[in-house]
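J.: sequence unknown, structure follows:
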């Protein structure tokens, strides 16, 4: 009898092991990266595109357990003002709550991926590029096909035939296969090629992920992914500390408390009150020449902020800006009520440049009124946060008019949260 029980246990253990192994072999991994010149907030937008690509891959073929591998942060020297080799290999958990991301789709850090597959490699690299005949005859036709590379590849084979490249600073990482894939259209055009039509590779790395567009920008899948991007606890706590100390602001008084799980019932506009201060984002640097007409002078900015203080009965203004120290000092001279987040050297080292920028965004997003900069993804991300928290749109979608816009100062588009299924829209 005991022998039978022992045999039965062994049988079931082996069967379970085979089942686990079968499930594991079905798991497939999607990795991606962006053009090195893209900034932090645009990369967050590309994450939404890639996460919803994985969501649709899982919808189309439930037998394929697709997981999104999160590309480590770093090498954003222009926006973060980092020095060479500084701030590389930063895990997503430093900036975002990984559990919240997993409520939308399965994700994992790159180092987790390497540990799970057993070695630092990817099977295939798809280098995304614009088709050679894009917009032929002025027609937009969604396209996805393998073809010759438009530019010299940034990857090369070593003497063992392994394909080497940047791979976020993990120089031991390699790929088995490389090809250029021309794409024109939204991310969903990659579903069939990835599902088995063009590859059965267990891991596929999409470089230049920004090459594909959103399936439905502003749709439910977009907002589900965006809402899942909850900031890490340490960044939220640092922003809360600053708000409490310098702005007389906290989530209870401001009605900006957000539940741990973002998958909550609809939050109506007007629910959030906000802290008793004005939040402003003043983008400078490259905008001074790239978008000269849309950028106000320091004096114009000061005048507008003073007007807003009176209108909204605010005693303090919080300003986030990439301007020079001289520009910031001049603005503070003109408007003494301005405060800025200026972390200690120790705190900046702890949070890193990207974390400091996020703290700025969190503080701006909790103000009773926000005004930003035209076409800035930094401002746009703040507006999204406020839309998620339930602020009135009149106190969210605003910008300071530029030097050449006295007669025509168009305000930002109001992207409202969508609760309708994207799949219903497609049909």
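T.: Received the coordinates, thanks. Because the structure is predicted, anything quoted here is derived from the model rather than measured.

J.: domains for this protein, by residue range?
T.: With automatic domain parsing as the criterion, the domains of the chain are listed as 25-217, 231-395.

J.: just so I know, which of those domains lies nearest residue 419?
T.: domain 231-395 (6.0 Å; C-beta to C-beta). No exception for glycine: its C-beta is placed from N, CA and C like everyone else's.

J.: Quick check: mean pLDDT of that closest one?
T.: Mean pLDDT, domain 231-395: 93.

J.: Now distance to residue 414 too, for the domains of the chain, in TSV please.
T.: Converted to TSV, those look like this (distance: least, C-beta to C-beta, whole Å):
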stretch	distance to residue 414
domain 25-217	14
domain 231-395	5
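
J.: can I get these in CSV with mean neighbour count?
T.: Listed next are the domains of the chain as CSV, based on neighbours: other C-beta atoms under 10 Å:
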stretch, mean neighbour count
domain 25-217, 17
domain 231-395, 18
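
J.: and of those domains, who's closest to residue 410?
T.: Nearest of the domains of the chain (C-beta to C-beta): domain 231-395, 8.2 Å.

J.: returning to that earlier point: do you know which of the domains of the chain lies nearest residue 413?
T.: Short answer: domain 231-395, nearest of those by C-beta to C-beta, at 9.5 Å.

J.: Measure how far that closest one is from the centre of its chain, please.
T.: Relative to its chain's centre, domain 231-395 lies at 18 Å (C-alpha atoms, centre = their mean, to the nearest Å).

J.: Of all the domains of the chain, which one is nearest residue 223?
T.: Across the domains of the chain, closest to residue 223 is domain 231-395 (C-beta to C-beta), at 8.1 Å.

J.: The closest one: end-to-end distance?
T.: 23 Å (C-alpha to C-alpha, to the nearest Å).

J.: Now for the residue lying closest to residue 375 once chain neighbours are set aside: which residues touch it?
T.: Ranked by C-beta to C-beta, 6 or more residues apart in numbering and with sequence neighbours excluded, the top spatial neighbour of residue 375 is residue 291, at 6.4 Å. Residues near residue 291 by C-beta atoms under 8 Å, 6 or more residues apart in numbering: 374-375, 402.

J.: and residue 291, how far is that from residue 233?
T.: Using C-beta to C-beta, to the nearest Å, residue 291 is found at 35 Å from residue 233.

J.: Quick check: residue 346 is in a helix.
T.: Yes: assessed by DSSP: H, G, I helix; E, B strand; the rest coil, residue 346 belongs to a helix.

J.: what kind of secondary structure is residue 280 in?
T.: strand.

J.: and it, what are its bridge partners?
T.: Beta bridges link residue 280 to residue 319, residue 371 when assigned by DSSP bridges.

J.: need the contact list for it.
T.: Shown in contact with residue 280 (C-beta under 8 Å, 6+ apart): 301, 305, 317-320, 364, 370-372, 400.

J.: And the residue nearest the centre of this structure?
T.: By C-alpha atoms, centre = their mean, the chain has its centre lying nearest to residue 44, at 1.3 Å.

J.: Over to it. Which of the three states is it?
T.: Classified using three-state DSSP, residue 44 is helix.

J.: distance of it from residue 92?
T.: 11 Å.

J.: cool, and residue 42?
T.: Counting by C-beta to C-beta - residue 42 and residue 92 are separated by 16 Å.

J.: Please apply the same query to residue 143.
T.: Relative to residue 92, and taking C-beta to C-beta, residue 143 is found at 31 Å.

J.: Check residue 393 too.
T.: From residue 393 to residue 92 the distance is 30 Å (C-beta to C-beta).

J.: could you point out the longest strand in the chain?
T.: Counting by DSSP state E, the longest strand found in the chain is strand 174-184.

J.: and the helix or strand that comes right after it, what does it pack onto?
T.: Where DSSP states H and E defines the elements, the next helix or strand beyond strand 174-184 is helix 191-192. Counting contacts by 3 or more C-beta pairs under 8 Å, 6 or more residues apart in numbering; DSSP states H and E, helix 191-192 packs against helix 40-60.

J.: Give me the residues contacting the helix or strand following the helix it packs on.
T.: Toward the C-terminus, helix 40-60 is succeeded by strand 65-70 as the next helix or strand (DSSP H and E). Residues outside strand 65-70 that contact it (C-beta under 8 Å, 6+ apart): 23, 26-32, 47, 50-51, 54, 57-58, 91-92, 101, 105-110, 113, 203.

J.: ok so, going back, packing partners of the longest strand of the chain?
T.: Counting by 3+ C-beta pairs under 8 Å, 6+ apart, strand 174-184 packs on strand 121-129, strand 143-146, strand 163-164.

J.: Leaving out sequence neighbours, find the closest residue to residue 203.
T.: Distances taken as C-beta to C-beta, 6+ apart put residue 29 closest to residue 203, at 4.1 Å, once the chain neighbours are dropped.

J.: which strand residues sit across from the one you found in the sheet?
T.: Applying DSSP bridges to residue 29 gives these bridge partners: residue 67, residue 203.

J.: Which pLDDT value belongs to the closest residue to residue 142 other than its chain neighbours?
T.: Of all residues not flanking residue 142 in the chain, residue 185 sits nearest, at 3.4 Å (C-beta to C-beta, 6+ apart). Residue 185 is assigned 94 on the pLDDT scale.

J.: Next: residue 17.
T.: Reported pLDDT for residue 17: 44.

J.: quick revisit: minimum distance to residue 417: which of the domains of the chain has it?
T.: Using C-beta to C-beta, those put domain 231-395 closest to residue 417, at 5.9 Å.

J.: So what touches the host helix or strand of residue 112?
T.: In this assignment (DSSP H and E), residue 112 forms part of helix 110-117. The contact list for helix 110-117 (C-beta under 8 Å, 6+ apart) reads 29, 31, 69-72, 91, 108, 120, 168, 170, 173, 202-203.

J.: how about 7 Å then?
T.: 29, 69-72, 120, 168 (C-beta atoms under 7 Å, 6 or more residues apart in numbering).

J.: Check stretch 393-413 too.
T.: 269, 293-297, 300-301, 304, 368-374, 379, 383, 386-387, 414.

J.: Can you give me the separation between residue 105 and residue 164?
T.: Where residue 164 is concerned, residue 105 sits at a distance of 29 Å (C-beta to C-beta).
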